[in-house]
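Participant: Quick check, what structure comes out for this input:
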Amino acid sequence: PPGTFSNATHAAFVTIDPGTGEIRTRSFMVVEDCGVIINPLVVDGQVRGGVAQGIACALYEKITFDAEGQPTTTNLMDYLVPTATEIPPIEIHHLETPSLFSENGSKGMGEGGTIGAPAAVLNAVNDALAHAGVEIDHIPVLPEDVLR
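Facilitator: Prediction:
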């Protein structure tokens, strides 16, 4: 039969320190639809984990190389990952549109946070910077990008 897929909408609220360029994700909301939810705790955990990974992608994780092509991000002092203090409260809402193509009406689950979160964070950053007439079109967005 045809495949099934989940879908979601993400919204991020960020603040930016104008002196340092630091971006803080203050809150995050996800409305997702993975069809019939079999285990709500697992689904919420997957959403939260995916959003944390997406925020990391948007604001922290960057691989760099030297002139010879050797990686310079070889440890967690150079390759930043967020801790629990950088991940905001995540508000999750569920829609349940049963799939017509699975036995129990469920759809795929787990990728949505990693796909939607980086775009939501980047859009929130650009919204916060709109008054300055600038738009950033890459991730991760680092403080030096904001200051530049």
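
Participant: going forward, measure contacts between C-alpha atoms and count neighbours the same way
Facilitator: OK.

Participant: Restrict the longest helix anywhere in the chain to CA atoms and write it as CSV.
Facilitator: Using DSSP state H, we find that the single longest helix of the chain is helix 40-59. Extracted C-alpha coordinates of helix 40-59, given in CSV (Å, rounded to 0.1, in the frame of the first residue of the first chain):
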residue,chain,number,x,y,z
PRO,A,40,2.0,8.7,24.4
LEU,A,41,5.1,8.7,26.6
VAL,A,42,7.3,7.3,23.8
VAL,A,43,5.9,9.8,21.3
ASP,A,44,6.4,12.8,23.6
GLY,A,45,9.9,11.6,24.3
GLN,A,46,10.7,11.3,20.6
VAL,A,47,9.3,14.8,20.0
ARG,A,48,11.3,16.3,22.8
GLY,A,49,14.5,14.5,21.8
GLY,A,50,14.1,15.5,18.2
VAL,A,51,13.5,19.1,19.1
ALA,A,52,16.6,19.2,21.3
GLN,A,53,18.6,17.7,18.4
GLY,A,54,17.1,20.3,16.1
ILE,A,55,17.9,23.2,18.4
ALA,A,56,21.5,21.8,18.7
CYS,A,57,21.7,21.8,14.9
ALA,A,58,20.3,25.4,14.6
LEU,A,59,22.5,27.0,17.3
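
Participant: ok, and what's touching that helix?
Facilitator: With Cα atoms under 8 Å, 6 or more residues apart in numbering as the test, helix 40-59 has contacts from 23, 37, 81-82, 87, 90, 92, 109-119, 121-122, 139-142.

Participant: Got a ChimeraX select line for the buried ones in the residues you listed?
Facilitator: To isolate the buried members of the contacts of helix 40-59 in ChimeraX, using 16 or more other Cα atoms under 10 Å:
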select :23,37,81,87,90,109,110,111,112,113,114,115,116,117,118,119,121,122,139,140,141,142
